[in-house]
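Novice: give me a model of this one.
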Amino acid sequence: MADSSVSLTPGTGVQVDTRTQPNGDHREVVVLGDPTSTAVAAVGTSGGLAVRGAAAGNTTYGFSASAGAGSAVDVSEAGNLTIVVKGTATPFVGSPQLRFEQSDNGTDWAPLMVQRMDTGLVSSTHLFSPIAVNTAIVLNAGLPGVNFVRAVSLVAWTSGIINVTFIAGGMPFNPIVGMQPPVRSHATFYTATAAAGLAAETLLSLTSTRNGATVVATTPPAVVSPGKTLRVTAMSATYIATATTGYAMVRLRANLAGVAAVTSPLYRQIAVGAGTPTTVNSSSNAQSIPVDGVEFPAGAGIGVTVQTYNGATAGAAGFVVVEVVGYEY
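Specialist: The predicted model follows:
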């Protein structure tokens, strides 16, 4: 429009807000906002209009060496999310696993795909090894149609605290597509001492190493972690003879909907001994190594059973040492 001025004579009554420019001219002040409240659109430091409203601010939740869900964070006016994960002055011990989730109502939750900046991995679940003092791990996510977010600690760790800060931003963006495989968490299940053979098929009590920590012996030894898949890559069994005859049947069983039992479906089986030991205290070993592994979904229970034989009939014989190796991802 043409450069021109309209003369104004100050008076009484409702006032029109104006702003004096450096050249002496006045500009009428107009704001964009909610007509029913005092909320107005924000302007950035460079003078640009915030098209998605005011920033939601930063929210920090501290996880203290235990599994559980953090508080819901309202991001309904944000277009993107930056997540900063830090330790404290005392580095934590163990390997926390965090799953990031999204919700439309703050009650029903689904996974939120976030990208880790140091590795490029795009996943809803990330494994965090000890973080050095004054060091942070940053993750980014777009928020199309997302109203609430939260972090969930999937497993307990040995000690220490990690802080998760959500920083909501105004401009939308999406993570770069990454080709990295999901983070793996090693899992081993084993007999801490040789188990005596039994005529009836029996679940073994197995000790395990998971997420870098030893888990005391339990029967059955494992239920797959929430949001994870367990891939068993190898199973081995050793039979220790106490007589000149005898062998053992070692079976990997799983219940995809809960705790494993002796009657659960069979997935792998090893016959070890099979009459090979010819002297007392001799031993033999057998392994089962599936080419692509055997996978079990979240919530599935796995168990290992043993049954020993004297010749052709079941009977208490010898001792058995078992090891199952795999990883969760």
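Novice: phi and psi next, for residue 239.
Specialist: Backbone torsions for residue 239, taken as degrees, to the nearest 10, come to phi -110, psi 130.
Novice: name the residues linked to it by a beta bridge.
Specialist: When assigned by DSSP bridges, residue 239 has beta-bridge partners residue 284, residue 320.
Novice: wait, doesn't it sit right on residue 270?
Specialist: No. Taking CB atoms under 8 Å as the definition, residue 239 is not a contact partner of residue 270, at 9.5 Å. (C-beta placed from N, C-alpha, C; glycine too.)
Novice: got the domain ranges for this protein?
Specialist: Following automatic domain parsing, the chain resolves into domains at 58-169, 185-328.
Novice: can you tell me the element residue 13 falls in?
Specialist: Under DSSP states H and E, no helix or strand contains residue 13.
Novice: which residues touch residue 68?
Specialist: With contacts taken as CB atoms under 8 Å, 6 or more residues apart in numbering, residue 68 has the following neighbours: 152, 153.
Novice: so what sits opposite it in the bridge?
Specialist: residue 153.
Novice: please say which of residue 239 and residue 270 ends up with more neighbours.
Specialist: residue 239 (29 against 21; other CB atoms under 10 Å).
Novice: which non-adjacent residue is nearest residue 307?
Specialist: In space, and not counting its chain neighbours, residue 307 is closest to residue 201: 4.1 Å by CB to CB, 6 or more residues apart in numbering.
Novice: test my guess that the one you found contacts residue 305.
Specialist: Yes. At 4.9 Å, residue 201 counts as touching residue 305 under the criterion of CB under 8 Å.
Novice: where along the stretch 201-329 of the chain do the strands fall?
Specialist: Secondary structure of the stretch 201-329 of the chain, counting by DSSP state E, counting those that start in this stretch: strands at 202-203, 206-210, 213-218, 222-223, 230-240, 247-255, 266-272, 283-288, 294-296, 301-310, 313-314, 319-328.
Novice: to residue 73, which of the ones you listed lies closest?
Specialist: Proximity to residue 73 (CB to CB) singles out strand 319-328 among the strands of the stretch 201-329 of the chain, at 26.8 Å.
Novice: distance between the ends of stretch 189-198?
Specialist: 20 Å (CA to CA, to the nearest Å).
Novice: tally up the residues packed near residue 219, please.
Specialist: Residues lying near residue 219 (other CB under 10 Å) number 13.
Novice: quick thing: my sequence starts at 18, can you match it?
Specialist: Got it, the first residue is 18 from now on, which makes the last one we talked about residue 236.
Novice: just give the nearest non-adjacent residue to it, would you?
Specialist: Nearest residue to residue 236 in three dimensions, chain neighbours excluded: residue 222, at 4.4 Å (CB to CB, 6+ apart).
Novice: pLDDT at that neighbour, what is it?
Specialist: Predicted confidence (pLDDT) for residue 222: 87.
Novice: and it, how many residues sit next to it?
Specialist: Neighbour count of residue 222, defined by other CB under 10 Å: 16.
Novice: ok, now residue 49?
Specialist: Counted with other CB under 10 Å, residues neighbouring residue 49 total 9.
Novice: run through who's touching the helix or strand harbouring residue 203.
Specialist: Here residue 203, judged by DSSP H and E, is contained in strand 202-207. With contacts defined as CB under 8 Å, 6+ apart, strand 202-207 is touched by 112, 114, 144, 223-229, 238-239, 242, 245, 247, 319, 321, 338-346.
Novice: ditto for stretch 135-150
Specialist: Here stretch 135-150 makes contact (CB under 8 Å, 6+ apart) with 102-104, 106, 108-118, 128-133, 154-156, 171, 179, 192-195, 197, 199-202, 244-245.
Novice: first to last residue in stretch 102-119, what's the distance?
Specialist: End-to-end distance of stretch 102-119: 18 Å, with CA to CA as the criterion.
Novice: give the buried residues for it.
Specialist: Within stretch 102-119, the residues that qualify as buried are 102-104, 109, 111-119, counting by 16 or more other CB atoms under 10 Å.
Novice: can you list the residues you listed in a markdown table and add pLDDT and secondary structure?
Specialist: Shown next, in a markdown table, are the buried residues of stretch 102-119 (pLDDT from 0 to 100; DSSP: H, G, I helix; E, B strand; the rest coil):
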| residue | pLDDT | secondary structure |
| --- | --- | --- |
| 102 | 92 | strand |
| 103 | 88 | strand |
| 104 | 80 | coil |
| 109 | 75 | coil |
| 111 | 75 | coil |
| 112 | 76 | coil |
| 113 | 84 | coil |
| 114 | 86 | strand |
| 115 | 91 | strand |
| 116 | 92 | strand |
| 117 | 95 | strand |
| 118 | 95 | strand |
| 119 | 94 | strand |
